[in-house]
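In: coordinates only, sequence not included:
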Ligand code: NI
């Protein structure tokens, strides 16, 4: 089932999401709907606040053709090196992220901020502790697009959008467009 993607200006995108205490079977259904919605919108990640739920849940699917030569295609998962594509689609709740490394620029967009893309500096690598719907835990150490995507999606759970993370000059440039977006949602 396709879900409604909340747009810039919706207060649900600005609220902090609560951790999930019980992993019940309804979440599997929700995850399937979130993935279907994300694929239909041609996104690579979707966080629960974006479909109007302030819970700590995220889906990610990075397609293979998004990978570039200079981006590592592997991640360390529970101590083992694995191809990133083997992790996809990634569904998790209650993430704990520890970004590290140099700040790197990358052009980001967001399904909740239509028509705007902008450069964002973020640490290049991430150590992440992700709980899957069956309760098992993935300890991931990664770089590349997965590290970028994890940081962007987990920001949503804290009420942050990528437009909060752009340079102050870009904020001035984007201000008018964002105001328009908020008014048109
Ligand atoms: Ni987003």
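Out: Nice, thanks for sending it over. Just so it is clear, the model here is predicted, and its values are computed rather than measured.

In: what does stretch 166-174 contact?
Out: Residues outside stretch 166-174 that contact it (C-beta atoms under 8 Å, 6 or more residues apart in numbering) are 116, 118-121, 163. All C-beta spots, glycine's among them, are computed from the backbone N, C-alpha and C.

In: Now do that stretch: distance to the chain's middle.
Out: 21 Å (C-alpha atoms, centre = their mean, to the nearest Å).

In: Pull out the buried positions in it.
Out: 166, 174 (16 or more other C-beta atoms under 10 Å).

In: Please apply the same query to stretch 87-102.
Out: Buried-residue list, stretch 87-102, by 16+ other C-beta under 10 Å: 87-88, 90-95, 97, 99.

In: Excluding covalently adjacent residues, which one is nearest to residue 130?
Out: Nearest residue to residue 130, sequence neighbours excluded (C-beta to C-beta, 6 or more residues apart in numbering): residue 92, at 3.7 Å.

In: Let's verify the one you found: helix, strand, or coil?
Out: strand (DSSP: H, G, I helix; E, B strand; the rest coil).

In: Look at the residue at minimal distance from the centre of the chain and give its secondary structure.
Out: Against the mean C-alpha coordinate of the chain, by C-alpha atoms, centre = their mean, the closest residue is residue 153 at 2.0 Å. At residue 153 the chain is in helix, as set by three-state DSSP.

In: Good, wrapping up.
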